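**Student:** predicted model and sequence follow; I will ask about them next.
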Amino acid sequence: MRIRVWRQRGPADAGHFETHELAEVSPEMSLMELLDVLNDQIVAEGGEPIAFESDCREGICGACGVTVDGTPHGPAPRTPSCRQHLRAFGGVDELTIEPLRSAAFPVIRDLVVDRSALDALIEAGGHVDVMAGTAPDADALPVPHDAAESALDFAACIGCGACVAACPNGAAHLFAGAKLAHLAMLPQPAIERGRRAKAIGAVLDETFGPCSTYGECAEVCPAGIPLTAVAAVARERLRR
Ligand code: SF4
Ligand code: FES
């Protein structure tokens, strides 16, 4: 397999593609395993290994996002980079792997990008800070079943940033909407939903592009966050 991979020594470096041939490739390999094997080969040849991020390799942490043949995460739909397996790539013998591309995500090195712009959204309002006292009895605050299920669906966002990279505008509305919708459905977080939406909205406006509802974000989202999340951003911002 021929692999074109993005190399960039640091944020100030222009970067370039580097091409490698790998002989020992199995269809059962994940993308991260492919990069592990490629790094073994590069190190054996005396080169610098490719910097990339991964942690859980189980689709939970959101650390691993890369762009494969132009698609954030890769060709298998609704699947994070670490769960993309070569058997799903249709027998290709060449791959192009580069970082998640967005103005809000500067490249730190090779395939590693700085996604702290997403952290700024969470710091602004993706949390609950109402005074809730001591832990209440489990049944003291009943949550309707449908609201609990819906909140859990939106809470499935793993913060990978693929939605931002897929968006032609570099918008983060799917990510922000997932947080706003999730917290708005639960009784204690809902107390500050208006303030939360305005704070998150201010960071969205300052750091990311506008949403034109292209829908590319929901197409690549490994957590299946629906496009209705972007409507939550506008709806929640109208609250007092
Ligand atoms: S909304 Fe989906 S694509 Fe965007 S950060 Fe969350 S999990 Fe990743
Ligand atoms: S490494 Fe954790 S989601 Fe991919």
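**Tutor:** That came through, no problem. Numbers count the residues shown, from 1 in each chain. Ligands and ions are numbered 1, 2, ... in the order given.

**Student:** show me where this protein has its strands.
**Tutor:** Using DSSP state E, the strands of the chain run over 2-7, 16-21, 66-68, 71-72, 94-99, 107-109, 112-113.

**Student:** name the strands paired with the last one and say parallel or antiparallel.
**Tutor:** Taking DSSP bridges as the criterion, strand 112-113 sits next to strand 107-109 (antiparallel) in its sheet.

**Student:** and the partner strand, how far from the chain's centre?
**Tutor:** Distance, stretch centre to chain centre, for strand 107-109: 16 Å (C-alpha atoms, centre = their mean, to the nearest Å).

**Student:** cool, stretch 198-213 as well?
**Tutor:** When distances are taken as C-alpha atoms, centre = their mean, stretch 198-213 is centred 16 Å away from the chain's centroid.

**Student:** buried ones in that stretch?
**Tutor:** Going by neighbour count (16 or more other C-beta atoms under 10 Å), the buried part of stretch 198-213 is 198-201, 203-204, 207-209, 211. Using the backbone N, CA and C atoms, a C-beta is placed for each residue, glycine as well.

**Student:** dump these into TSV; add distance to residue 177 and pLDDT as well.
**Tutor:** Shown next, in TSV, are the buried residues of stretch 198-213 (distance: C-beta to C-beta, whole Å; pLDDT from 0 to 100):
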residue	distance to residue 177	pLDDT
198	14	94
199	14	95
200	9	96
201	11	95
203	13	96
204	10	96
207	15	96
208	12	98
209	15	97
211	9	96
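
**Student:** which of those lies closest to residue 70?
**Tutor:** residue 209 (18.8 Å; C-beta to C-beta).

**Student:** isn't that closest one right next to residue 169, touching?
**Tutor:** Yes - here residue 209 reaches residue 169: they are 3.4 Å apart, a contact under C-beta atoms under 8 Å.

**Student:** for the residue nearest the centre of the chain, grab phi and psi.
**Tutor:** Closest to where the C-alpha atoms of the chain average out (C-alpha atoms, centre = their mean) is residue 160, at 1.7 Å. According to degrees, to the nearest 10, the main-chain angles of residue 160 amount to phi -80, psi -30.

**Student:** what about the helices in this structure?
**Tutor:** In the chain, the helices defined using DSSP state H lie at 31-44, 116-125, 145-154, 162-166, 173-184, 187-190, 193-207, 216-220, 228-237.

**Student:** and those, which one averages the lowest pLDDT?
**Tutor:** Set side by side, these give their lowest mean pLDDT on helix 187-190, at a mean of 88.

**Student:** C-alpha coordinates for that one, PDB please?
**Tutor:** Provided in PDB are the C-alpha atoms of helix 187-190 (Å, rounded to 0.1, in the frame of the first residue of the first chain):
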ATOM      1  CA  PRO A 187     -33.900  19.900  35.100                       C
ATOM      2  CA  GLN A 188     -30.900  21.400  36.900                       C
ATOM      3  CA  PRO A 189     -28.900  22.400  33.800                       C
ATOM      4  CA  ALA A 190     -32.000  23.900  32.200                       C
END
